[in-house]
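**Student:** Starting from these lines, generate the structure:
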Amino acid sequence: RYRIGDWSSDVCSSDLLIRIMEGFMVTKLIIVGLFCIIFGMHMFFTKKEYNKGRYYTKPFLMPLLLIYYILSAAEVNKLIVMALVFGFIGDVFLMWPKGKNNFMLGLVAFLIGNVCYVLLFLQGISFARDIPMWFYLVIIVYVTLAFAVLRKLTKHLGDMKIPACKIGRASCRERVFAGC
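**Tutor:** Predicted structure coming up:
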């Protein structure tokens, strides 16, 4: 038998490590299960246009993703954490868009989150490698379509035209860099 605190034994420490790993696996499964249930409920409420239900589900999605990421990542990347946190903040502010400040704060939070994603993507790009010509053509088509959509939307945004365009451009850049 092993005494409590006898960490010198390989068997004891490997048993402890196995129990810890099993605990992490169970925790991650619970987080994934909760996320799937809440996401399913959120999509149901969205389809049924039941906003009250969406107000209960929306604030849990990003934090659950964040917890799962932290538990699963071998090395936690601060940019991913910041992007998820700012996505959560943006979601919360945009839940009540009636106030002009809430809308602006939500857009700013999403903008910061998108900047974090772009910086993350840039970390993984090696500019020394050759990028195929077809990729540049796809980018041109994508950016053209994105600007066309933004142009149509700006007619309906009133005072929010400039912030919405900045968010749209940041989101477009994020997707372009994600493709690199």
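**Student:** For residue 164, see how far away residue 151 is.
**Tutor:** Noted for residue 151: a distance of 12 Å to residue 164, by C-beta to C-beta, to the nearest Å. C-beta coordinates here come from the backbone N, C-alpha and C atoms, glycine included.
**Student:** Neighbour count for these two, which is higher?
**Tutor:** Under the criterion of other C-beta atoms under 10 Å, the comparison of residue 151 against residue 164 puts residue 164 first, with 18 against 11.
**Student:** Show the pLDDT at the more buried one.
**Tutor:** Each residue has a pLDDT score; the one for residue 164 is 74.
**Student:** Now it: which helix or strand?
**Tutor:** Element membership for residue 164, per DSSP states H and E: helix 161-179.
**Student:** Longest helix in the protein, please.
**Tutor:** Under DSSP state H, the helix in the chain containing the largest number of residues is helix 10-47.
**Student:** From the chain's centroid, how far away is that one?
**Tutor:** Average the C-alpha atoms of helix 10-47, do the same for its chain, and the two points are 19 Å apart (C-alpha atoms, centre = their mean, to the nearest Å).
**Student:** If you count contacts, what does it end up packed against?
**Tutor:** Packed against helix 10-47, as judged by 3 or more C-beta pairs under 8 Å, 6 or more residues apart in numbering; DSSP states H and E, are the following elements: helix 51-72.
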